[in-house]
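# predicted structure and sequence below. I'll ask about it afterward.
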Amino acid sequence: MEETTRRTLLRSAALAGAAVTAVAAAPGTASASTPPCNWTKEEREDRERVINVGFTDAEADAWLHLNRGIAAMLALPVIHPSYNAEVVVLAHGLQEKLMMRPSYRDYVAQWPQGAAPTTVPE
């Protein structure tokens, strides 16, 4: 049996991610902020991990949607030798933006009332 790695997990979710995207884009369907109830076992475990490090429910859902989108991109036919490498770099940039949110909330919370450099939505 193949070892489960992030790459194999992302590839296995590609079809599901494409289907979720298609359904979400259809008129009369739930909004993008409504999480689907069809997360795989591995995705539910990953969701629990990111919530344990401080993600909100919305951030955890965004994390899973992002990973499904990345998997869908990597499942497309390669059109240029650097295509997948570029997708991975961009994907990691978006993942880093989500990963920094809990730390930034903690940072802002340590400032005196009203003195924080910015406000952070809950």
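Sure, I can see it.

# shaky segments in the chain?
For the chain, residues meeting the criterion pLDDT under 70 lie at 1-37, 118-122.

# biggest helix in it by residues?
helix 83-109 (DSSP state H).

# for that one, packing partners?
helix 57-75 (3 or more C-beta pairs under 8 Å, 6 or more residues apart in numbering; DSSP states H and E). Using the backbone N, CA and C atoms, a C-beta is placed for each residue, glycine as well.

# now the helix it packs on and helix 83-109, what's the angle there?
Between helix 57-75 and helix 83-109, the angle comes out at 170 degrees (axes from the mean of the first three to the mean of the last three C-alpha atoms, to 10 degrees).

# buried sites along helix 57-75?
59-74 (16 or more other C-beta atoms under 10 Å).

# residue 100: which of those residues is nearest?
Here the nearest of the buried residues of helix 57-75 to residue 100, counting by C-beta to C-beta, is residue 59; it sits at 10.6 Å.

# so the closest one sits against residue 98, correct?
Yes. Using C-beta atoms under 8 Å, residue 59 makes contact with residue 98 at a distance of 5.9 Å.

# overlap in contacts, these two.
Both residue 59 and residue 98 are in contact with residue 50, where contact means C-beta atoms under 8 Å, 6 or more residues apart in numbering.

# for residue 83, see how far away residue 62 is.
For residue 62, the distance to residue 83 (C-beta to C-beta, to the nearest Å) stands at 24 Å.

# same question for residue 58.
Counting by C-beta to C-beta - residue 58 and residue 83 are separated by 30 Å.

# please apply the same query to residue 57.
33 Å.
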